[in-house]
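**Q** my questions concern the predicted model and sequence given below.
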Amino acid sequence: MASQILGSLSEKAKSMAGGENKKVAQLAADTKDVHNGDHRITSDYGVKQNDTDHWLSASTEDKQGPQLLEDPFGREKIHRFDHERIPERVVHARGAGAFGKFKLFESASDVSKAGILTDTSRETPIFVRFSTVLGSRGSADTVRDVRGFAIKFYTEEGNWDIVGNNIPVFFIQDAMKFPDVIHAGKPEPDSEMPQAQTAHNNFWDFQYLHPESTHMQFWAMSDRTIPRSYRMMQGFGVNTFTLVNDKGERHFVKFHWTPDLGVHSLVWDEALKLAGQDPDFHRKDLWQAIEAGSYPKWKFGIQTLKEGEEDQFDFDILDATKVWPEELVPIRYIGEFELNKNPDEYFTQTEQIAFCTSHVVPGVGFSDDPLLQGRNFSYHDTQLSRLGVNWQELPINKPVCPVMNFNRDGAMRHTITKGKVNYWPNRYETVPPAAEEEGAYIDYPAKVAGMKQRLHSRKFKEHKNQAELFYNSMSQVEKEHMKAAFSFELDHCDDPVVYKRMVERIVEIDLELAQGVAEMVGADIPQEATRQKHNKKAKGLSQMDYLPATPTIATRMVAILIADGYDKVAYNGIKAALTAQGALPFTISPKRNKIYADGEDKSGDGVIADHHLEGQRSTMYDSVFIPGGEKSVVTLSKSGRAIHWVREAFGHLKAIGATGEAVAFIKQCVELPGMQFSTSTDVQNSYGVVTAAKVSPDGFKEAVQMAKEAADFV
Ligand code: HDD
């Protein structure tokens, strides 16, 4: 397994990461280690046990008798097991998380007085939880879905949670609609099907009936919802928050985080296959990268608008179905964060971590965004039923700064607070409220006016302009993928009312797209546009805008296919060239056993493959390389799995490399009219297939460079 290979680095990574992290240090007090110390198994009440395999029973060697209810150990073990489960999150149940640190490189003191946004000398511990939205806790990672991207900052002034997604807008404008959009997306109520899919009647029925969802729908049908890795996703706070500086001035703000590795996606066929081949694809990817010391990093940015400037746009800045186009409000990148430590235990950390949009620190505040206002109610409420009233005492949720107040008791309270009083004011004047200079949260004195009514203001009623802006800004490849995504989803809706109406909605955004989808799904093909297009584009919407400035294959997984008789020079050369670029080579061969190079003495060590061909699939890797060696290539060319591997990788637009005899093998697998294959030491790149018929010492570097560019291109 990849994890075995990467595992050797893990201790180093852990000690580097864990060292100075205040949250990790705090957790140590609540952490026990089964491997550390000379432990004996005990009951929960501390008594050592000498048999946890047999329930106490009235038996003899000759005759099995009845189990005795009196056995406290047996009862305890079963009772504890019976109650292991807590309710899974009502949304975002499937997730993975990691610890890390946030660092500011530019003070934002002009807009906020928050310590975390002004003090460039601080390193703030964080825990990030990534998730899918609709699937149950055991569902697959690679389903088409929005990804949650929630950050808990353990700041010196208390916990600050940004509970974001990898898409900057949302389906609905008002929190009161949340149960409806989620019910419509989750499995249908009669059959409880389908799992972790939006490809069903109810979801698209809801979508048509909510024109406000159109913009998010377009994002949801883009490649953003099938990310290659959590490490390659952008994050957004989505809602409009506010910042307050030490002069008492207020700014509206949107939060952004952008990955250093660029934004990359799977193709749909890969995502579908991976859901079965490796349901843990994303969590494993994150885990392994951190264990290997390849800590994923994001830049943290803010878009700010001074109070008073918010009414100048044709959209309402409080509407969560809208982005603030970067041309209008530039992003200012002020900090960065990295994830550098995996959890020690999934349940007590990744499962029990609980986020609240209402958790902000002095210098950060809310806006009148009607989605945010409802979220501020919902998150604390859901933690009460998921974790109980004392959920903030759980180690992972505890702030790293002191907590002292007169909230008391409740189920599972375990902090012991000494003292004569549990109320304020009290005769001892103990635990008084803090003054502003002492760091108290001071509510911004906002003026409030209005009529008590159930409505949204005028600008909330326009729903199409930004959906079109998004679609216009896509590259041709992304547009093709969106057509395929809409067509897939609506193909899974068998009620004609649903797919026909949805085509009508798409016409309002783009006629050509609607025609393509209509043809695929069997709806009437629309003949004319039903809305005047504005034809504008904006930067920062296409994920092609987020490719790293210089292409990188760092952390990408490359399969090297070999069999006995492989060309050792080529094998070692490509491995070295890949490793030098930070890529992770994995050797795959017909068996996970000793494989010998051409001419190698069979009594030697050979190379032990990381995996055998039947245990893996091309979808699990970013690229494939096959070195020459006549016997090796003959073996591979007789293997249906190896041939399929190359063809499938080519179909998924992955970079493919080959040298020597393997060039002819690749040609046999994937030749297209006009494709070029090398016949000399010259390295050729044709359709992302990089070949060199003869091996030259510099060829590998060049080959990797070409493969890198080819991969970047697709
Ligand atoms: Fe939510 C969880 C993100 C709207 C109610 N939400 C949850 C998580 C993320 C988001 C990332 C998982 C957190 C974790 O890892 O534990 N939610 C969003 C975003 C939204 C959004 C970006 C739109 C801007 N959510 C939203 C609304 C409501 C909720 C409008 C209710 C009115 N969300 C919840 C929840 C969850 C949740 C039911 C389930 C588990 C939890 O809170 O802790 O309260």
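**A** Done, it's in. Residues are numbered from 1 along each chain as shown.

**Q** quick one: secondary structure of residue 98?
**A** What DSSP: H, G, I helix; E, B strand; the rest coil gives for residue 98 is strand.

**Q** what about it, how many neighbours?
**A** 26 (other C-beta atoms under 10 Å). Any C-beta I mention is one placed from the backbone N, CA and C, and that applies to glycine too.

**Q** what distance do you get for it to residue 24?
**A** Separation of residue 98 from residue 24 (C-beta to C-beta, to the nearest Å): 11 Å.

**Q** who touches both of those two?
**A** Residues touching both residue 98 and residue 24 by C-beta atoms under 8 Å, 6 or more residues apart in numbering: residue 341.

**Q** tell me the mean pLDDT over stretch 535-547?
**A** Stretch 535-547 comes out with an average pLDDT of 96.

**Q** quick one: buried residues of that stretch?
**A** 537-538, 540-543, 546 (16 or more other C-beta atoms under 10 Å).

**Q** same check on stretch 375-385?
**A** By neighbour count on 16+ other C-beta under 10 Å, the buried set for stretch 375-385 is 375-376, 378-380, 382-383.

**Q** what's the following helix or strand after the helix or strand hosting residue 377?
**A** When elements are assigned from DSSP states H and E, residue 377 belongs to helix 370-387. Once helix 370-387 ends, the next helix or strand along the chain (criterion: DSSP H and E) is helix 465-472.

**Q** helices and strands around the helix or strand following that following helix, which ones?
**A** Next helix or strand after helix 465-472 toward the C-terminus (DSSP H and E): helix 476-491. Packed against helix 476-491, as judged by 3 or more C-beta pairs under 8 Å, 6 or more residues apart in numbering; DSSP states H and E, are the following elements: helix 201-209, helix 268-277, helix 496-507, helix 511-521.

**Q** residue 126 belongs to a strand?
**A** Yes. Residue 126 sits within a strand when classified using three-state DSSP.

**Q** which one is the closest residue to the ligand within the stretch 551-700 of the chain nearest to, not counting chain neighbours?
**A** Residue of the stretch 551-700 of the chain nearest the ligand, by C-beta to the nearest ligand atom: residue 555 (23.3 Å). Nearest non-adjacent residue to residue 555, counting by C-beta to C-beta, 6 or more residues apart in numbering: residue 294, 4.9 Å away.

**Q** run through the residues that contact the one you found.
**A** Shown in contact with residue 294 (C-beta under 8 Å, 6+ apart): 554-555, 582.

**Q** and the closest residue to residue 630 other than its chain neighbours, how many residues sit next to it?
**A** Closest residue to residue 630 apart from its sequence neighbours, by C-beta to C-beta, 6+ apart: residue 661 at 5.2 Å. Residue 661 has 22 neighbours, counted by other C-beta under 10 Å.

**Q** mind checking pLDDT for residue 661?
**A** At residue 661, the pLDDT recorded in the model is 97.

**Q** next one: residue 14
**A** 44.

**Q** ok, residue 162 next?
**A** At residue 162, pLDDT is 98.

**Q** same deal with residue 711?
**A** Value listed for residue 711 in the pLDDT field: 57.

**Q** neighbours around the residue lying closest to residue 508 once chain neighbours are set aside, how many?
**A** Nearest non-adjacent residue to residue 508, counting by C-beta to C-beta, 6+ apart: residue 531, 4.6 Å away. Under the neighbour criterion other C-beta under 10 Å, residue 531 is assigned a count of 13.

**Q** OK, contacts around the nearest residue to residue 371 once chain neighbours are set aside?
**A** Nearest residue to residue 371 in three dimensions, chain neighbours excluded: residue 320, at 4.3 Å (C-beta to C-beta, 6+ apart). For residue 320, the contacting residues are 169-170, 172-173, 238-240, 369, 371-372, by C-beta under 8 Å, 6+ apart.

**Q** surely residue 605 and residue 593 touch.
**A** No. Using C-beta atoms under 8 Å, residue 605 is not in contact with residue 593; the gap is 11.8 Å.

**Q** what sits against residue 652?
**A** Counted by C-beta under 8 Å, 6+ apart, residue 652 has contacts 267, 269-270, 618-619.

**Q** so how do I select the buried members of those residues in ChimeraX?
**A** Filtering these down to the buried ones (16+ other C-beta under 10 Å) takes a single ChimeraX command:
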select :267,270,618,619
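
**Q** mind putting the contacts of residue 652 into JSON lines with distance to the ligand?
**A** Putting these into JSON lines (distance: C-beta to the nearest ligand atom, whole Å) gives the following:
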{"residue": "267", "distance to the ligand": "25"}
{"residue": "269", "distance to the ligand": "27"}
{"residue": "270", "distance to the ligand": "24"}
{"residue": "618", "distance to the ligand": "31"}
{"residue": "619", "distance to the ligand": "26"}
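
**Q** circling back: so the residue nearest to residue 508 versus residue 348, what's the distance?
**A** Residue 531 sits at a distance of 52 Å from residue 348 (criterion: C-beta to C-beta).
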